[in-house]
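[1] build me a model from this:
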Amino acid sequence: MDINDQGKIDGVSPRCTQTIIDDGMRLLGRRFALELDDVSAGLTQHQPNSDSEDQSVIRYNGFIVTGFGMRTSAESSAKDMGAPGNPPLALRKSIDLAMERNKAGHHVSYVEIYEQDVLAAEMQPVLQHAATLFEPIKPKSRPPGTYHGDGPRPPER
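    Sure, this is the predicted structure:
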C-alpha cells in the first residue's frame, strides 16, 4: 500500500483492502470495526450515489462492528446529499442508504451524522426516524452447516 506525502493512501487495490479486513477479523474477531465515511444519496463524480461502495461494508453487517459516516452535512450541502434545496429529505435518503440490511438481515452498528445536522430543528423528525431503524428485528436464521465458530458465519466472498 502506497502512502503519499500528505499521509493519504494512494491506489489501494481491492485485494489489499480485503487482506486488511481478513487480517483484522482473524486477529480481533467480532471486535474488528469497519467504517466508510462517504454515505450520500447524491451524485458523486463517478456514480449516482454511494450505494456501490457502501456494499463493501454492508456485507459485513452483523459479523463485525460496521458503521457509516455521512459524506457531508445535509444542512450545508443538500444537493451533494441527494435532495437539492431540501436538507431533511437529503439526510433521510442518505440515512436510508446507510441502514440497508444485508442478506442476513443485519444493518450497520452505527451511523455518524454531522453536528450541524444533529442540531438543526428541521432535522429532528429525520433523526427520530433514524433512531427507529436501530430497533432490533429478528435476523434471518442461517442455514444449517458445519460452521461452529463464535457468532454468525462470516460473509462469503
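[2] where's the closest residue to Gly42 other than its chain neighbours relative to Glu53, distance?
    With sequence-adjacent residues excluded and distances taken as C-beta to C-beta, 6 or more residues apart in numbering, Gly42 is closest to Gly82, at 4.0 Å. C-beta here means a position set from N, CA and C on the backbone, and glycine is covered the same way. Using C-beta to C-beta, to the nearest Å, one obtains 15 Å as the distance from Gly82 to Glu53.
[3] next one: Tyr114
    Per C-beta to C-beta, Tyr114 is found 19 Å from Glu53.
[4] more neighbours: these two, which one.
    Set Tyr114 next to Glu53 and count neighbours by other C-beta atoms under 10 Å: Tyr114 wins out with 20 against 15.
[5] was I right to think the more buried one contacts Ser77?
    No: the pair Tyr114 / Ser77 is not scored as a contact, 9.6 Å apart, by C-beta atoms under 8 Å.
[6] which strand or helix spans the spatially most central residue of the chain?
    Nearest residue to the geometric centre of the chain (C-alpha atoms, centre = their mean): Phe68, 3.4 Å. Using DSSP states H and E, Phe68 sits in strand 65-70.
[7] what packs against that strand?
    Using 3 or more C-beta pairs under 8 Å, 6 or more residues apart in numbering; DSSP states H and E, the elements in contact with strand 65-70 are strand 33-39, helix 51-58, helix 87-98, strand 110-112.
[8] could you export that strand as PDB, CA atoms only?
    Taking Å, rounded to 0.1, in the frame of the first residue of the first chain, the C-alpha atoms of strand 65-70 are listed here in PDB:
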ATOM      1  CA  VAL A  65     -18.800  -3.800  14.000                       C
ATOM      2  CA  THR A  66     -19.800  -1.800  11.000                       C
ATOM      3  CA  GLY A  67     -20.600   1.900  10.500                       C
ATOM      4  CA  PHE A  68     -21.000   4.700   8.100                       C
ATOM      5  CA  GLY A  69     -20.300   8.400   8.200                       C
ATOM      6  CA  MET A  70     -22.100  10.900   6.100                       C
END
